[in-house]
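S.K.: missing the sequence, but the structure's below:
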């Protein structure tokens, strides 16, 4: 039976799928860091990971820990002492990489500190930084990753600590899927999933959507991070849309829009962008679906299951509600009319 792991006020492994992102700035930039964390928490991020590459970052980490509304994971590579100092600073979880954290004696010291402070660890196996003594023994990357996990878990079992989350990440979507499928049958620990080094917004979104979705559809994966060479906000948004699309997280707001064609009237892309910007300022309390369609030929019909929407015409457009025509408005009024309907259909108010 799979174990649950508690990280501050969250549980990993109980069926919910917390979304994570990782700060792209130094934690010692404390004002920027806290501003970001509070913003990300408001967007739906559940866990934030922060690099601790040297001791200069520890003071900033201590400050941020006092004010962060969500759990913080310290990301540690190479220097096991930074893991210990991060735990002593009050971090809610540490991530270590078996490929560079060091030998059993160093891991033992980390384990002893974890036990004292009673916080979990993520053993993060990365296909690009595997232990050299294993890469020379196993030619298959998947087998190497699995053996690396077995070796590291062996240390934790030896010294009596099992508050473990595992991750197996590769820049290959297929390899990521296959290694996590295998790991899910071998280890009783929650799995953090995602495709690493996935690329920019487009490439990374596609790769992570495929890899994460394929695993979640098989009930493999307990927390996710969408790795993108893009601002952290995008990682959170893409992660939410993956979970919402799979029914793993409630989707309060869905905006559907047509891909546009030669019949399209109006700037559909701009309407959608402006609508999202306005709605982002609101707190929404129940499920709603808005349709933005580019023509009146079959717009209302294609979006008949939407709460309300618009089918754009040349100069005037049809506003519809529950598939029925409500009124015709000038194209300059589209956005205002949609926001009026939003207020009418649900109880929402401006975010503070």
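M.R.: Nice, thanks for sending it over. Treat the numbers as computed from the prediction; the structure is a model and nothing was measured.
S.K.: quick one, helices of the stretch 51-200 of the chain?
M.R.: Applying DSSP state H, counting those that start in this stretch to the stretch 51-200 of the chain gives helices spanning 58-67, 80-89, 104-117, 132-135, 141-158, 173-186.
S.K.: the longest one: which residues count as buried?
M.R.: Meaning helix 141-158. Neighbour-count burial for helix 141-158, with 16 or more other CB atoms under 10 Å as criterion, is recorded at 141-142, 144-149, 151-153, 155-156. Every C-beta, even on glycine, is put in place using the N, C-alpha and C of the backbone.
S.K.: then the first one?
M.R.: Of all the residues in helix 58-67, those buried under the rule 16+ other CB under 10 Å are 58, 60, 61, 62, 63, 64, 65.
S.K.: among those, pick out the one closest to residue 226, please.
M.R.: residue 64 (22.3 Å; CB to CB).
S.K.: ok, that closest one to residue 236 distance?
M.R.: Computed as CB to CB, to the nearest Å, the residue 64 to residue 236 distance reads 18 Å.
S.K.: got it, and residue 93?
M.R.: From residue 93 to residue 236 the distance is 18 Å (CB to CB).
S.K.: so those two - more neighbours on which side?
M.R.: Legend: neighbour count by other CB atoms under 10 Å for residue 93 and residue 236, higher for residue 93 (26 against 22).
S.K.: for that one, list each beta-bridge partner.
M.R.: With DSSP bridges as the criterion, residue 93 is bridged to residue 73.
S.K.: what residues are up against it?
M.R.: With contact taken as CB atoms under 8 Å, 6 or more residues apart in numbering, residue 93 is in contact with 7, 47, 71, 72, 73, 74, 119, 120, 121, 122, 165.
S.K.: ranking helices and strands of the protein by mean pLDDT, which lands last?
M.R.: Every helix and strand of the chain was ranked by mean pLDDT, DSSP states H and E. The lowest is strand 348-350, at a mean of 56.
S.K.: mind listing the strands for the stretch 151-300 of the chain?
M.R.: 164-169, 191-193, 223-225, 253-257, 282-284, 288-293 (DSSP state E, counting those that start in this stretch).
S.K.: including mean pLDDT and mean neighbour count, could those strands go into a markdown table?
M.R.: Output for these, formatted as a markdown table (pLDDT from 0 to 100; neighbours: other CB atoms under 10 Å):
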| stretch | mean pLDDT | mean neighbour count |
| --- | --- | --- |
| strand 164-169 | 98 | 25 |
| strand 191-193 | 98 | 25 |
| strand 223-225 | 98 | 25 |
| strand 253-257 | 92 | 17 |
| strand 282-284 | 79 | 14 |
| strand 288-293 | 94 | 22 |
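S.K.: closest to residue 126 out of those strands?
M.R.: strand 164-169 (5.4 Å).
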